[in-house]
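Novice: Structure, please.
(one chain, ligands or ions: 1)
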Amino acid sequence: MGQLRDVKKVRLRHLAQAKHDADKIVMLTAYDQPTAAIFDAAGTDLLLVGDSMGNAVLGYGDTLPVTLDDCIRATRAVAAGATRAMVISDLPFGSYEASAEQCFKSAAQLMKAGAQGVKLEGGTAMTAQIRLLSQAGIPVMGHLGFTPQSVNVLSGNRIQGRDQASADHLKQESLQIQRSGAFALVIEMVPAGLAAALTDSLDIPVIGIGAGPDTDGQVLVWTDMAGLTEWTPSFVRRFGQIGQALRTAAADFGSAVRDGTYPDDEHSFQ
Ligand code: KIV
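Specialist: Numbers count the residues shown, from 1 in each chain. Down below sits the predicted model:
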């Protein structure tokens with residue numbers, strides 16, 4: 001098989017092969033059709049309809065207020081913009097934790113909206129959920145380390161797995177996620193050495209965010225990656241200044257309206 005970037009439509013087997021070939025997997029969040037189409041055309045392998053939409057575009061302080069309806073609507077839009085990339089949708093807080101049955105009902109709605117897999121947070125406690133979904137034909141991506149939906153019990157956005165006990169716990173949890181049937185795992189905000197060890201110990205692809213370079217792939221929240229906002233977490237490199245570009249465009253539009261140079265004859269119906 002060739003490299004992941006040459007694949008016409010990304011599927012589970014390509015991700016497994018990418019891990020085997022040490023071919024890096026590229027994932028970005030997307031919350032709407034135009035950005036999904038842009039990232040898809042740029043060769044992004046996985047588009048995550050992340051519940052980070054809460055902080056990134058809905059103006060909330062964290063991901064907890066994001067609803068299943070928010071994720072369904074965004075999934076429809078992102079699926080409409082994606083042709084090559086695999087679309088993974090987050091199960092938002094409150095939509096899956098109570099039981100495997102609750103989880104299946106929520107995940108099925110995301111799949112009907114165009115997702116090709118779902119992501120959920122948590123380890124051993126999610127065993128039944130991951131098993132049922134995988135058996136029902138729904139690819140599941142796990143999420144460990146800093147799990148934003150648990151921000152309150154984790155006492156804020158903190159690096160996880162720094163001491164031996166919590167590093168060992170993360171190793172056990174990640175193995176359990178793999179055993180339950182997940183096809184991939186996101187690990188967020190853990191020391192680079194631990195992320196490398198987790199990646200080595202698992203057969204499924206591990207996608208890192210704030211987890212150093214030695215994972216099977218990387219994910220960033222697109223608004224951080226492209227520099228939409230002033231503040232970004234310290235592990236983010238800004239690959240663009242999209243916020244500045246939008247501000248300049250809006251200011252130029254305002255000036256042209258105010259000084260009467262827009263609309264001109266070229267942009268008016270005669
Ligand atoms: O919601 C999200 O964007 C995520 C990423 C941070 C992995 O879960």
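Novice: and Phe39, how many neighbours?
Specialist: Phe39 is flanked by 25 other residues according to other Cβ atoms under 10 Å. Where C-beta positions appear, they are placed from N, C-alpha and C, glycine not excepted.
Novice: Not counting residues beside it along the chain, what's closest to it?
Specialist: Leu28 (5.1 Å; Cβ to Cβ, 6 or more residues apart in numbering).
Novice: What helix or strand is the one you found located in?
Specialist: Leu28 belongs to strand 25-29 when assigned by DSSP states H and E.
Novice: The residue nearest to Phe39 contacts Thr44, doesn't it?
Specialist: Yes. Taking contacts as Cβ atoms under 8 Å, Leu28 lies within contact range of Thr44: 5.0 Å.
Novice: any weak-confidence spans in the chain?
Specialist: 1 (pLDDT under 70).
Novice: Would you point out which residue is most central in the chain?
Specialist: In the chain, the C-alpha closest to the average C-alpha coordinate belongs to Leu48, at a distance of 3.6 Å (Cα atoms, centre = their mean).
Novice: Could you give the bridge partners of the residue nearest to Phe39?
Specialist: Leu47, Leu220 (DSSP bridges).
Novice: Which residues lie in contact with it in this structure?
Specialist: Contacts were defined as Cβ atoms under 8 Å, 6 or more residues apart in numbering; by that measure Leu28 touches 39, 44, 46-48, 219-220, 222, 225.
Novice: Farthest-apart pair in those, please.
Specialist: Longest distance between any two of those is 13.7 Å, between Leu46 and Met225; criterion Cβ to Cβ.
Novice: neighbour count winner among these two?
Specialist: For Leu46 versus Met225, the count of surrounding residues by other Cβ under 10 Å is larger for Leu46: 27 against 20.
Novice: Just give the closest residue to the residue of the stretch 1-150 of the chain at minimum distance from the ligand, not the sequence neighbours.
Specialist: Using Cβ to the nearest ligand atom, the closest approach of the stretch 1-150 of the chain to the ligand is made by Gly50 at 2.4 Å. Nearest in space to Gly50, with sequence neighbours left out and distances taken as Cβ to Cβ, 6+ apart, is Thr29 at 4.1 Å.
Novice: now swap in Ala197 and tell me
Specialist: Lys171 (7.3 Å).
Novice: what does Phe183 give?
Specialist: Using Cβ to Cβ, 6+ apart and skipping the chain neighbours, the partner closest in space to Phe183 is Pro139 (4.8 Å).
Novice: That neighbour: neighbouring residues, count only.
Specialist: Neighbourhood size, Pro139 [other Cβ under 10 Å]: 22.
Novice: cool, and the one 5 residues further on?
Specialist: Residues lying near Leu144 (other Cβ under 10 Å) number 24.
Novice: The strand or helix carrying it vs strand 25-29, what angle?
Specialist: Using DSSP H and E, Leu144 sits in strand 140-145. Angle, strand 140-145 to strand 25-29, by axes from the mean of the first three to the mean of the last three Cα atoms, to 10 degrees: 80 degrees.
Novice: Could you list every helix and strand that strand 140-145 packs against?
Specialist: In terms of contacts (3 or more Cβ pairs under 8 Å, 6 or more residues apart in numbering; DSSP states H and E), strand 140-145 is packed against strand 117-119, helix 127-135, helix 164-180, strand 184-188.
Novice: and that strand, which strands flank it?
Specialist: In the sheet, strand 140-145 lines up with strand 117-119 (parallel), strand 184-188 (parallel) (DSSP bridges).
Novice: can you redo the ones you listed as JSON lines with mean neighbour count and distance to Val66?
Specialist: Shown next, in JSON lines, are the strands paired with strand 140-145 (neighbours: other Cβ atoms under 10 Å; distance: least, Cβ to Cβ, whole Å):
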{"stretch": "strand 117-119", "mean neighbour count": "25", "distance to Val66": "13"}
{"stretch": "strand 184-188", "mean neighbour count": "26", "distance to Val66": "16"}
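Novice: Many thanks, we can stop here.
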